[in-house]
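Enquirer: Quick one, what's the 3D model for this:
(chains A and B)
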Amino acid sequence: MLVAASGAGVALVLDEPLSFWGGLDAGSGTIIDARHPQRGEVVAGRVLVMPSGRGSSSSSSVLAEAIRGGTGPAALVLAEPDEIVVLGALVVSILDGNACPVAVLAADDYRRLQSGDAVSVGDGGCIEVHPAGTSTA
Amino acid sequence: MLAGDAGPAVAVAMRLVLAMAEVSRAERLVEVTSAHIDGCLYHGSVGLDFARRLVGDGGRVRIPTTLNVSSLDLLHPEIVDLDAATQVRARSLMEAYVAMGCTPTWTCAPYQLPSRPTLGEHVAWAESNAIVFANSVLGARTGRYGDFIDICAAITGRVPYAGLHRPAERLARIVFEVPPLPPEAYRHDELYALIGHAVGRRAGSLVPAITGLPASVTEDQLKALGAAAASSGAVAMCHVVGVTPEAPTLEAAVGGRGLERLERLTPAVLRDAWRELNTVSPGAALSAVSVGTPHFSIAEFERLTPLLADAQIHRRVTLYVSTGRQTLAQLELRGWLEMYRRRGIQLVTDTCTYITPIIDGAAGAVMTNSAKWAWYAPANLGVEVAFGTLEDCVASAVEGRVVRGLPAWLDG
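Expert: Numbers count the residues shown, from 1 in each chain, chains lettered A, B, ... in the order given. Next up is the predicted model:
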C-alpha cells in the first residue's frame, strides 16, 4: 500500500501506462492522449488499474488536481511502485485530508483484474475484487 | 527534520521525502548539491496551495535551486492567451518559489546554465528532459523527480538513496543498435530525435544503451534524443556508447548486469517513428513553426541565424523560438536580436509553446524539429503537427506549407 486510504469503484484496466500530464483532462477526468488505446474513457470514480506511470514529471499535479476536483479515480492499482502517482495522491491528502488510495499488486494478481470488475481497496491494503457479471452482495 | 525542529515546512518536506523513500525501498537518504524545480508551472489549485503552504511555514531552499518553465512569459507577456484570473494564479505560484530562495531561471534546460553538475554528483532535478540530460550527458545522478518532491528535496537537501542514485541502477538493461546509415543521416538533428522517440516507445523505464552513433554527436543532438525518449517513454537515463561519460564501451554501459533485450533500430523502425510524429502530409498549410523544445541553445541560434539571413517568412506563418533568458541575453550581446525582431520571429522565454496557449493552429498545422513537441502538442493544443529538421522548418515557414516528407535517407 503506497498511499493508505480506502476507495471503491468499477475497475478501468489500462492496456498501456498513462501520462496524466498531456493524457488526462483533469477538468473532466477523461483520457485525452490521442495515442492511448483507452482514449475517451473517464477515470472519475473508477478504480484505475495501470502498469505504471509514464512521461512528464508534471503528472503528479494533474492527478492531484483531478483528485481534489472530484474527477480523479476512486483508487489506483499499479503493477509497480510509481513515485509520480504516489506524490499526486499524497499531497492532496496532506492539504485536504482526503486521499485516493494507491496500491501495488503482485504480477499474478494484477493480471487477473479486468475492466468492469467491482474493486474495493481498504486502507489496510486489502483489495476485494468481484469480477464483472457476478453479484457484489 | 521530520519532528519539526527545523520548522514546519521542513517537516512537511521531509514527510514527502520519506514517503518516496518507502516507495523506492531506500534504506537511507543521500545529500544533493542542487535542485531543479518543475512545480512552478501552474496546473491548478493544488500546486499553488502546496507552494503557499510551504512559504507560509517558512520554507527555504538549502541548496542552489533553479526553476523550470512556467505558464507565463514575463518578458513577452502579450503572447500568452490565458485568462486574467489564471495569469494571476500562475504569477503567484512563480513568486512563491522565488520567495523560497529559488533562482528565477524559468528554463527547461538548466544544463545550458554556466554552473552545472559534474560526473558522480547527486542532484534532485525535475523535468523529464533535464533529468535524462543530467544522468546521461553530465553523469550527474538524479531520480525522476517531479512536482512536489522537487521542492521538498531542495528544502531538505536530501533524497532517497534509490534508483539512479545507485551505481548498479545506472547500468543499461536494453541495447539498441543503430545499423550503418547513409552519411548524411548523421548530420541531421532529426535522426537523434527519431532514435530517442523509438527508444522511449520500446524501453519503457529500462535504462537503454545505444550503439552505432558517431563520437561527433553534439550536446544539442543528445538533448533532442533524451527529450524524445523521456516523452514517448519513461527513460531517465540513456547511454550513448562512445559518447556519454558512463559508456566508453558497451561493456562499461552494461556492467555485470543482465540484458533484457537487444533491438535493432532499423530504417523501418525509424520510419514508424517519423510517421508517429507527423499528423499531416507534405504540402499541408502551416500556421506556425515552433523550435526550441527543449529551450534553444546558443549553438542552435548559431545554426538558425544564417538560415534566416535571406528568409522571408510567409505572412500566414509565425516562427516561434523558445529559449532561456540567459541565452536571450547572449543573443542580445551578439547583436542578433534586432534581426529576429525585424523578421517578425517571436522569441518565447520563461515558458514553452506546447504548455501554455501561445499558438493558434486554426489556420494550419504547426511544424517543429522537436520530437517531444510533436508528440505532446496534438493532445495539449489540439493542433496538427509536422516534424522535420531545423532547415526543413525554416524552408516550410518561408513557403507557408510543409515542404518535405520522409527524409531521403529513410525513404526506401
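
Enquirer: and the longest helix along chain A with chain B, contact?
Expert: In chain A, taking DSSP state H as the definition, the longest helix is helix A:83-96. Yes - looking at helix A:83-96 against chain B by CB under 8 Å from any CB of the partner chain, the contacts come from A:83-84, A:86-88, A:90-92, A:94-95. Any C-beta I mention is one placed from the backbone N, CA and C, and that applies to glycine too.

Enquirer: so which residue of chain A comes closest to chain B?
Expert: Residue nearest to chain B within chain A (CB to the nearest CB): residue A:57, separated by 3.0 Å.

Enquirer: Isn't that residue up against residue A:83?
Expert: No - counting by CB atoms under 8 Å, residue A:57 does not reach residue A:83; the two are 9.6 Å apart.

Enquirer: joint contacts of those two?
Expert: Shared contacts of residue A:57 and residue A:83 (CB atoms under 8 Å, 6 or more residues apart in numbering or on different chains): B:144, B:146.

Enquirer: Neighbour count: these two, which is higher?
Expert: Using other CB atoms under 10 Å in any protein chain shown, the more surrounded residue of residue A:57 and residue A:83 is residue A:57, with 31 against 24.

Enquirer: Just give me the neighbour total for the spatially closest residue to that one that is not a sequence neighbour.
Expert: Counting by CB to CB, 6 or more residues apart in numbering or on different chains, residue A:57 lies nearest to residue B:146, which is 3.0 Å off, once chain neighbours are set aside. Residue B:146: 26 surrounding residues under other CB under 10 Å.

Enquirer: pretty sure residue B:146 is in contact with residue B:38, am I right?
Expert: Yes - the pair residue B:146 / residue B:38 is scored as a contact, 5.9 Å apart, by CB under 8 Å.

Enquirer: if we can go back for a sec, now do the longest helix of chain A: distance to the chain's middle.
Expert: 13 Å (CA atoms, centre = their mean, to the nearest Å).

Enquirer: what about the residue of chain A closest to chain B, distance to residue B:285?
Expert: Distance of residue A:57 to residue B:285, given as CB to CB, to the nearest Å: 35 Å.

Enquirer: who touches residue B:47 in this structure?
Expert: By CB under 8 Å, 6+ apart, the neighbours of residue B:47 are A:61, A:64-65, B:39, B:41, B:93, B:147-148.

Enquirer: what do you get for residue B:230?
Expert: For residue B:230, the contact set (CB under 8 Å, 6+ apart) comprises A:55, B:128-129, B:131-132, B:200, B:236, B:372.

Enquirer: Among these, name the ones in helices.
Expert: B:128-129, B:131-132, B:200, B:372.

Enquirer: Show me which of those residues are buried.
Expert: Neighbour-count burial (16 or more other CB atoms under 10 Å in any protein chain shown) applied to the ones in helices among the contacts of residue B:230 gives B:128-129, B:131-132, B:200, B:372.

Enquirer: pLDDT value on residue 43, please?
Expert: No chain specified, so I'll use chain A. Reading off the confidence values, residue A:43 has pLDDT 97.

Enquirer: not what I meant, chain B
Expert: On the pLDDT scale, residue B:43 is placed at 91.

Enquirer: Name the nearest residue to it, ignoring sequence neighbours.
Expert: Nearest non-adjacent residue to residue B:43, counting by CB to CB, 6+ apart: residue A:61, 3.8 Å away.

Enquirer: just residue B:172 next, same as before
Expert: Using CB to CB, 6+ apart and skipping residues adjacent in sequence, the residue nearest residue B:172 is residue B:209, 3.5 Å away.

Enquirer: Over to residue A:96?
Expert: Closest to residue A:96 by CB to CB, 6+ apart is residue A:68, at 6.3 Å.

Enquirer: Regarding that neighbour, which helix or strand does it belong to?
Expert: If you go by DSSP states H and E, residue A:68 is part of helix A:59-69.

Enquirer: Could you tell me the angle between that helix and helix A:83-96?
Expert: Computed by axes from the mean of the first three to the mean of the last three CA atoms, to 10 degrees, the angle separating helix A:59-69 from helix A:83-96 equals 40 degrees.

Enquirer: got the ones in helices among the contacts of residue B:230 as CSV, with pLDDT and distance to chain A columns?
Expert: Formatted as CSV, the ones in helices among the contacts of residue B:230 follow (pLDDT from 0 to 100; distance: CB to the nearest CB, whole Å):
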residue, pLDDT, distance to chain A
B:128, 91, 5
B:129, 96, 9
B:131, 96, 7
B:132, 97, 11
B:200, 95, 9
B:372, 96, 9
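
Enquirer: of those residues, closest to residue A:134?
Expert: Of all the ones in helices among the contacts of residue B:230, residue B:200 has the smallest distance to residue A:134: 39.4 Å, by CB to CB.

Enquirer: OK, contacts around the closest one?
Expert: Going by CB under 8 Å, 6+ apart, residue B:200 touches B:228-235.

Enquirer: give me the residue from the stretch 1-150 of chain B nearest chain A.
Expert: residue B:146 (3.0 Å).

Enquirer: residue contacts, that residue?
Expert: Contacts of residue B:146 (CB under 8 Å, 6+ apart): A:56-60, A:83-84, A:87, B:38, B:126.

Enquirer: List phi and psi for it.
Expert: phi -140, psi -160 (degrees, to the nearest 10).

Enquirer: And for residue A:98, the neighbour number?
Expert: Other residues lying near residue A:98 total 10 when counted by other CB under 10 Å.

Enquirer: what about the chain, any weak spots by pLDDT?
Expert: Answering for chain A, as no chain was given. Along chain A, the parts satisfying pLDDT under 70 run over A:55, A:135-137.

Enquirer: try again with chain B
Expert: Short version for chain B, where the test is pLDDT under 70: B:412.

Enquirer: which one's the longest strand in it?
Expert: The longest strand of chain B (DSSP state E) is strand B:286-296.

Enquirer: Chain A too?
Expert: Ranked by residue count and defined by DSSP E, the top strand of chain A is strand A:7-13.

Enquirer: in that one, what's buried?
Expert: A:7-9, A:11-13.

Enquirer: quick one: strands adjacent to that strand?
Expert: Partners of strand A:7-13 in the sheet, by DSSP bridges, are strand A:47-50 (parallel), strand A:118-121 (antiparallel).

Enquirer: What lies in contact with the first one?
Expert: This points to strand A:47-50. So strand A:47-50 is in contact with A:7-14, A:16-18, A:73-79, A:110, A:113, A:115, A:119-121, going by CB under 8 Å, 6+ apart.

Enquirer: Regarding the residue of chain A closest to chain B, what is its secondary structure?
Expert: The local conformation at residue A:57, judged by DSSP: H, G, I helix; E, B strand; the rest coil, is coil.

Enquirer: What distance do you get for it to residue B:148?
Expert: Distance, residue A:57 to residue B:148, by CB to CB: 10 Å.

Enquirer: okay, now the residue in the stretch 151-300 of chain B that chain A sits nearest to: neighbour count?
Expert: In the stretch 151-300 of chain B, the residue that lies nearest chain A is residue B:234 (5.2 Å; CB to the nearest CB). Using other CB under 10 Å, residue B:234 has 24 neighbouring residues.

Enquirer: same check, this time on the one 10 residues further on
Expert: Burial of residue B:244, expressed as a neighbour count using other CB under 10 Å, amounts to 23.

Enquirer: mind listing what the residue lying closest to it once chain neighbours are set aside touches?
Expert: Spatial nearest neighbour of residue B:244, chain neighbours left out: residue B:136 (5.1 Å); criterion: CB to CB, 6+ apart. For residue B:136, the contact set (CB under 8 Å, 6+ apart) comprises B:222, B:226, B:237-240, B:244.
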